[in-house]
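Novice: Pasted the sequence and its predicted model underneath.
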Amino acid sequence: MHSSYLIFNEDFQLLVPSITFANMGINNGLKPTNDDLPHEVPTQNHLIFALAGVYLASSRIGNGKDQKSQARINYTSNTFIIYSLQDNGITPDAIRAIETFEQPFEKFSHHLAELLD
């Protein structure tokens, strides 16, 4: 799972919500390990790398070279995609969903437009 931090302005108003790209798989019976996240305020680099990680993860799904083409979109919204791997090829609807999800990253629009100010 790849997820970004919430980003607030100096007045603690939300500028950018958390954006998540998650892979849903089959449980192998093992309990997942807990992430030991540092208890500190994220730096600007943390914010940038988290957003970039979400975009890079989503860009690995599709029909292009070096992309996973056997993906099924289980859920999508402006800030959240859950996908799973399947035996069939990716559908045109799934490609459009990923393109719509990636558009704010590519154009710094929608919920990422606030970052330009």
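Specialist: Cool, got the structure.
Novice: contacting residues for the most centrally placed residue in the chain?
Specialist: Closest to where the C-alpha atoms of the chain average out (CA atoms, centre = their mean) is Phe21, at 3.1 Å. Contact partners of Phe21, counting by CB atoms under 8 Å, 6 or more residues apart in numbering, are Met1, His2, Ser3, Val54, Ala57, Ser58, Phe80, Ile81, Tyr83, Phe101. C-beta: built from backbone N, CA, C; applies to glycine.
Novice: filter those to the buried ones?
Specialist: The neighbour-count test (16 or more other CB atoms under 10 Å) applied to the contacts of Phe21 identifies His2, Ser3, Val54, Ala57, Ser58, Ile81, Tyr83, Phe101 as buried.
Novice: how close does Leu112 get to Gln103?
Specialist: 10 Å (CB to CB, to the nearest Å).
Novice: low-confidence ranges in the chain?
Specialist: 32, 34-38, 116-117 (pLDDT under 70).
Novice: if you set the cut-off to 80 instead, what comes out?
Specialist: Counting by pLDDT under 80, the low-confidence segments of the chain come to 26-41, 62-68, 108-117.
Novice: before we move on, which element is Tyr83 in?
Specialist: Per DSSP states H and E: Tyr83 is located in strand 80-85.
Novice: Alright, calling it a day.
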